[in-house]
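[1] Return a 3D structure for these sequence lines:
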Amino acid sequence: MKKSLTKHRNLSGFYIAPAMAVLILCLILPLFYTVYCSLFKLDYLVNGGFVGMKNYVTLLTDRKVQDSLLLTLGITLISTLLSVLLGLAMALWIDRKTGFFAYLIEMLGLVPWVISMVVAGLLWRWLFHGDLGLFNMILRMLGLDPIYVVQNKVPAIIALIFVMVWRLVGYAMIMILAGLKGLDGGLIEAAKVDGASPFQLLIYIKLPLIKSSVLLSTIVLTISNFTNNTVPKVLTGGGPSNATNVITLYQYNLGFQYYKFGTSAALSVLIMLITSLIIVLYIKVSNYRI
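    Just a heads-up that it's a prediction; the model follows:
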């Protein structure tokens, strides 16, 4: 019996070894190497010596980093909130539908999620183009003045939030819909028999029971929005006048435009710590137990 158990454990370790090797090579080692690089001055990949926490102090006292971080937090908060609320509304609506139409809406909702972020960014950049874009073409047909979205600060921020919501609302919809489909139908029917209104069903039965789906969607969408530098890079390029220069785009520019790889690595570590803190706060606020 002991030999069989030992053999089973050895086989289990053999089966998971490839996956663990990939995780170590692609996640664990790069993480430790990034932390290591953040402690050195690595301008143009030339080792300027050990500087300890100096890169972190420089970033935390940099006004540009502070402004970029506040901008990123604001965009993340608004886009995540809108994505979850719209996804919840769509999921509740689709949950009441059956047949081909419901499946069609689900598939269409997932299309933005599966499209490449580069393709999506280029598509919306063309649609918002000041002279050749479809958006302004429609405005001209209606006799209205064109809006140069990407060239102006406030419209550029609104466009960035819109594209992020457009991309993620389908994911939130599917995750929440999966939670709704897993509810006990007998419990819903019992509440209806007791005279519960649709609003009471939503507030006191459905939402508490799909709490895990909503929380998971919120966490995934928050991380995706906070760490997304592809859409800002392609859609606005951080402009105009750094109006959409989110923290991940700032980190990218530090490394690959200004070649300050030590400082860029330190900012990567800070971004990781901030996202980890956000996840912990979500779990604490929602009183969710793993």
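
[2] what's the closest non-adjacent residue to Lys260?
    Leu254 (5.0 Å; CB to CB, 6 or more residues apart in numbering). Using the backbone N, CA and C atoms, a C-beta is placed for each residue, glycine as well.

[3] Is that neighbour in contact with Ala266, as I believe?
    No: checked against CB atoms under 8 Å, the pair Leu254 and Ala266 is beyond contact range at 9.2 Å.

[4] which of the two has more neighbours?
    Ala266 (28 against 21; other CB atoms under 10 Å).

[5] Let me see the contact set for that one.
    Ser38, Asn55, Tyr56, Thr58, Leu59 (CB atoms under 8 Å, 6 or more residues apart in numbering).

[6] which residues touch the last one?
    By CB under 8 Å, 6+ apart, the contact set of Leu59 is Val65, Thr263, Ala266, Leu267, Leu270.

[7] Which of the helices or strands spans it?
    Using DSSP states H and E, Leu59 sits in helix 54-60.

[8] Next, the buried residues of whichever helix or strand comes after that helix.
    Next in sequence after helix 54-60, counting helices and strands by DSSP H and E, comes helix 63-95. Neighbour counts using 16 or more other CB atoms under 10 Å place 65, 68-69, 71-73, 75-76, 78-80, 82-84, 86-88, 90-92, 94-95 of helix 63-95 among the buried residues.

[9] Now the next helix-or-strand element following helix 63-95 - C-alpha only, PDB.
    Downstream of helix 63-95, the first helix or strand assigned by DSSP H and E is helix 100-114. Written as PDB, here are the backbone C-alpha positions of helix 100-114 (Å, rounded to 0.1, in the frame of the first residue of the first chain):
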ATOM      1  CA  PHE A 100     -30.700  31.400 -30.500                       C
ATOM      2  CA  PHE A 101     -31.000  35.100 -29.700                       C
ATOM      3  CA  ALA A 102     -29.500  34.700 -26.200                       C
ATOM      4  CA  TYR A 103     -26.500  32.800 -27.600                       C
ATOM      5  CA  LEU A 104     -26.000  35.400 -30.300                       C
ATOM      6  CA  ILE A 105     -25.900  38.200 -27.700                       C
ATOM      7  CA  GLU A 106     -23.400  36.200 -25.700                       C
ATOM      8  CA  MET A 107     -21.100  35.600 -28.700                       C
ATOM      9  CA  LEU A 108     -21.300  39.200 -29.800                       C
ATOM     10  CA  GLY A 109     -20.500  40.400 -26.300                       C
ATOM     11  CA  LEU A 110     -17.300  38.300 -26.200                       C
ATOM     12  CA  VAL A 111     -16.000  39.500 -29.600                       C
ATOM     13  CA  PRO A 112     -14.200  42.600 -28.100                       C
ATOM     14  CA  TRP A 113     -12.600  40.400 -25.500                       C
ATOM     15  CA  VAL A 114     -11.100  38.000 -28.000                       C
END
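
[10] Can you list the helices and strands that helix 100-114 packs against?
    helix 63-95, helix 153-181 (3 or more CB pairs under 8 Å, 6 or more residues apart in numbering; DSSP states H and E).

[11] Out of those, which is closest to Leu29?
    Closest to Leu29 of these, according to CB to CB: helix 63-95, at 26.8 Å.

[12] Compute the inter-axis angle for the closest one and helix 100-114.
    Interaxial angle of helix 63-95 relative to helix 100-114 (axes from the mean of the first three to the mean of the last three CA atoms, to 10 degrees): 170 degrees.

[13] show me what contacts the most centrally placed residue in the chain?
    Centroid-nearest residue in the chain, with CA atoms, centre = their mean: Ser224, separated by 1.6 Å. For Ser224, the contacting residues are Leu168, by CB under 8 Å, 6+ apart.

[14] swap in Ile75?
    Taking CB under 8 Å, 6+ apart, one finds Ile157, Leu160, Ile161, Met164, Asn225, Val246 in contact with Ile75.

[15] how about those in TSV, adding neighbour count?
    As requested, those are exported to TSV (neighbours: other CB atoms under 10 Å):
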residue	neighbour count
Ile157	18
Leu160	26
Ile161	20
Met164	26
Asn225	25
Val246	28
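
[16] any idea which of those residues is closest to Tyr282?
    Using CB to CB, Asn225 comes nearest to Tyr282 of these, at 13.4 Å.

[17] Now do the contacts for the residue nearest to that closest one when sequence neighbours are not counted.
    What sits nearest to Asn225 in space, not counting adjacent residues and going by CB to CB, 6+ apart, is Thr76, at 4.4 Å. Contacts for Thr76 (CB under 8 Å, 6+ apart) come out as Thr222, Asn225, Phe226.
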